[in-house]
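# Please find the sequence and the predicted model below.
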Number of protein chains: 2
Amino acid sequence: MDGHEGESVNVAIVGATGLVGHTLLQVLAERQFPVRGLRLYASERSAGQTLPFRDRDLPVELLDEATSFKGIDVAFFSPGTDVSRAWAPRAAADGAIVIDNSFAFRLDPQVPLVVPEVNPHHLAGHKGIIANPNCSTIQMVVPLAALHRHNPLRRVIVSTYQSVSGTGAAAVDELREQSRAALASQEMGGHVYRHPIAFNVLPEVDVFLEADYTQEEWKMVWETRKIMDLPDLPVTATCVRVPVYVAHSEMVYAEFERPCTVAEAREQLAAAPGVAVVDDPAHAVYPHALQAAGHDDILVGRLRRDLACENALVMWVVADNLRKGAALNAVQIAEELQRQGLL
Amino acid sequence: MDGHEGESVNVAIVGATGLVGHTLLQVLAERQFPVRGLRLYASERSAGQTLPFRDRDLPVELLDEATSFKGIDVAFFSPGTDVSRAWAPRAAADGAIVIDNSFAFRLDPQVPLVVPEVNPHHLAGHKGIIANPNCSTIQMVVPLAALHRHNPLRRVIVSTYQSVSGTGAAAVDELREQSRAALASQEMGGHVYRHPIAFNVLPEVDVFLEADYTQEEWKMVWETRKIMDLPDLPVTATCVRVPVYVAHSEMVYAEFERPCTVAEAREQLAAAPGVAVVDDPAHAVYPHALQAAGHDDILVGRLRRDLACENALVMWVVADNLRKGAALNAVQIAEELQRQGLL
């Protein structure tokens, strides 16, 4: 159909009208994913709209009891955890392979949790549902896995600088409206976050769980361990929301089994698929969110040795959370399924 | 004169028209520092203005060859490193005690580098110049020292979320103007930072030095060691600028000699002068920049144990960089000098 290596496939997107849904449509078109048919689903609030794909406008259908996924080859889900939990098994039972962007199935031992650059071998033997990891985790594990191949990873400490688009479209609006209000010396208001996010920094991403770590912080522990096949890896995360629209930044501190050098790490990262080394600080060349937004690569820079520990490195990792952190990784999973003859 | 415990003193402020200078005037008035006379100095660009202090408007005089510090008891300097380097020794030679906010003398072994809650004993034997530490360092060492008294500190990893007021008034204007431009879908422009700061995060604070760490990152290493009398303490810093006007936030990861618990740490921090524990995450109670701006305490929250290391804690530390990070700490040094009979 368009020269793509795989067979052309029937695709569904559940949660098509959200930020990730929109980005999925763009990424499928940009990468010339061999879409034969495309069906879009959303909740009552958004069904009835149309969304552009290539040169057509496609209707957004209501996801309800009448919906069938028979004939769908791959269904991208990003409607939120509850809807995924209810509907992904039905879609899989109808014969679709579900690539789910929610937290619902990520820790299920029956469900592969996949970043194609890191653990494509986990796809074999899937049972119809494949989980797309958390955005903050995806952008961290790709560079860590590239280094881990040469020198086993022993410990990770990470602190994040996460954009509001990770929360959704309402949070993007809230940052914009609060910023306008603050610049006009008016009250900021707001209902998405528990404190204003404009011109502020909030050390709260997702709900608080055990030991006063947030769910986002726990996700970075649990998901990193599963993706990297390192069930005991110590990961200590502090997840923080910053007033940025798109792209998450992370300080990643990584300790390895053996001494490492910045020069070796730079070489290993430069050779890693999906990673771009952006690291010439003297010329103001380092990754930043505005630069990463809209781009596919995970940008890595500010590479430094821990001067007190010859086995440890510090790096600054920035990626578009809607692309590599969500939609792009999901499409890459579908491409990898095709490559492995599983789709 | 006003019931303050110390003798009334003649005060000079060099760099009076900057953000720190303004804050010094506020803090001196708020704390009823026993000011007898007050002289304000600035460069040609700003001399000739008047600035309010208590119920008077004071003239800002030009700092030039004719300036004498004879009769001045204490001179607060915050004009920038070059001016401090040239003028602080002259003021000290004229008999003033200089409390200098620049980097010029901080690492000089003859010059005490003081945070009054941490190392007031370093003031004894000063030679006329006392250095006020870096803002990011001050807010970190106060809680660390409170914990270190009970359990020796062995290692620190910190990543910062620093506000633009740390750079100065021009950076505050740049954030405001770039934010306005971005909201109007216009080009952001800018000349203070090397990339736009509005709706962005920049892993660059101060110039790049050895091993690709910035000067701000090195300051957190060198100054923490000197203030805490721990010349070999491993400190690994990543300093990052965020689109916030006032107050720096920090993720501080601290490893101690012995196992520690969150409950003990919370008690020790709650009892520490200058620290307020703000830590009830279930009710959205944690420190954030908008909350800290304009306040004197160092706010500490998000207290957690590193679940993989029983000797390590993680905390979130937020403080007003113009107050505790600069002007307030300088005034507290003067108060401590009075308490010790040195002023």
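All right, it came through fine.
# Now do the helices for chain A: every range, in order, please.
Along chain A, the stretches classed as helices by DSSP state H are A:19-30, A:81-93, A:135-148, A:169-183, A:215-227, A:262-270, A:289-292, A:328-339.
# Chain B: which of those is closest?
Set against chain B and scored by CB to the nearest CB, the helices of chain A come closest in helix A:289-292, at 4.6 Å. (Glycine included, C-beta is placed from N, CA and C.)
# Quick check: mean pLDDT of that closest one?
Taken as a whole, helix A:289-292 has an average pLDDT of 98.
# Contacts for that helix, please.
A:161, A:163, A:244, A:246-249, A:278, A:299, A:318-320, B:195-196, B:199-201 (CB atoms under 8 Å, 6 or more residues apart in numbering or on different chains).
# rewinding a little: any chance of the helices of chain A in TSV, plus mean neighbour count?
Shown next, in TSV, are the helices of chain A (neighbours: other CB atoms under 10 Å in any protein chain shown):
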stretch	mean neighbour count
helix A:19-30	21
helix A:81-93	18
helix A:135-148	26
helix A:169-183	18
helix A:215-227	23
helix A:262-270	16
helix A:289-292	23
helix A:328-339	22
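# quick one, which of those helices is nearest to B:L58?
Nearest of the helices of chain A to B:L58, taken as CB to CB: helix A:169-183 at 31.5 Å.
# and the closest one with chain B, contact?
Yes - Helix A:169-183 is in contact with chain B by CB under 8 Å from any CB of the partner chain, via A:175-176, A:179-180, A:183.
# Just put those in TSV and tack on pLDDT.
Listed next are these as TSV, based on pLDDT from 0 to 100:
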residue	pLDDT
A:L175	98
A:R176	98
A:S179	98
A:R180	98
A:L183	98
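# Name the nearest residue to the residue in the stretch 151-300 of chain A positioned nearest to chain B, ignoring sequence neighbours.
Going by CB to the nearest CB, chain B is nearest to A:P234 of the stretch 151-300 of chain A, at 3.1 Å. Distance criterion CB to CB, 6 or more residues apart in numbering or on different chains; nearest residue to A:P234, sequence neighbours excluded, is B:A308 at 3.1 Å.
# picking that back up, what's the distance between the residue of the stretch 151-300 of chain A closest to chain B and A:E255?
9 Å (CB to CB, to the nearest Å).
# list residues touching both of the two?
Going by CB under 8 Å, 6+ apart, residues that sit against A:P234 and also against A:E255 are A:154-156.
# on that earlier part again, my guess is the residue of the stretch 151-300 of chain A closest to chain B contacts B:A312, does it?
No - using CB atoms under 8 Å, A:P234 is not in contact with B:A312; the gap is 9.8 Å.
# Look at those two and report which has more neighbours.
The neighbour comparison of A:P234 against B:A312 (other CB atoms under 10 Å in any protein chain shown) goes to B:A312, with 22 against 18.
# dump the residue contacts of the closest residue to the more buried one other than its chain neighbours.
Distance criterion CB to CB, 6+ apart; nearest residue to B:A312, sequence neighbours excluded, is B:D306 at 3.7 Å. By CB under 8 Å, 6+ apart, the residues touching B:D306 are A:234, A:236, B:253, B:255, B:312-314.
# ends of stretch A:42-54, how far apart?
20 Å (CA to CA, to the nearest Å).
# Also stretch A:22-36?
OK, stretch A:22-36 end separation, CA to CA: 18 Å.
# Next: stretch A:58-73.
18 Å.
# Give me the average confidence score over that stretch.
Stretch A:58-73 comes out at a mean pLDDT of 97.
# in that stretch, what counts as buried?
Neighbour-count burial for stretch A:58-73, counted by 16 or more other CB atoms under 10 Å in any protein chain shown, picks out A:58, A:60-61, A:63, A:67, A:69, A:72-73.
# Let's have the residues you listed in JSON lines, adding distance to chain B.
Below are the buried residues of stretch A:58-73 laid out as JSON lines (distance: CB to the nearest CB, whole Å):
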{"residue": "A:L58", "distance to chain B": "28"}
{"residue": "A:V60", "distance to chain B": "27"}
{"residue": "A:E61", "distance to chain B": "33"}
{"residue": "A:L63", "distance to chain B": "33"}
{"residue": "A:T67", "distance to chain B": "38"}
{"residue": "A:F69", "distance to chain B": "39"}
{"residue": "A:I72", "distance to chain B": "38"}
{"residue": "A:D73", "distance to chain B": "39"}
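# Tell me which two of these sit farthest apart.
Maximum distance among the buried residues of stretch A:58-73 (CB to CB): 19.8 Å, for A:V60 and A:D73.
# A:G189 is in contact with A:E177, isn't it?
Yes - under the criterion of CB under 8 Å, A:G189 makes contact with A:E177 at 7.2 Å.
# Not counting residues beside it along the chain, what's closest to A:A326?
A:V20 (4.6 Å).
# give me every residue that touches the one you found.
A:78, A:101, A:322, A:326-327.
# tell me the pLDDT at it?
97.
# And A:F53, how far from A:F33?
Relative to A:F33, and taking CB to CB, A:F53 is found at 11 Å.
# A:E7 now?
12 Å.
# Have a look at those two and say which one is more surrounded.
A:F33 (22 against 12).
# tell me the contacts of the residue nearest to that one when sequence neighbours are not counted?
In space, and not counting its chain neighbours, A:F33 is closest to A:V331: 5.9 Å by CB to CB, 6+ apart. By CB under 8 Å, 6+ apart, the residues touching A:V331 are A:24, A:27-28, A:31, A:33, A:76.
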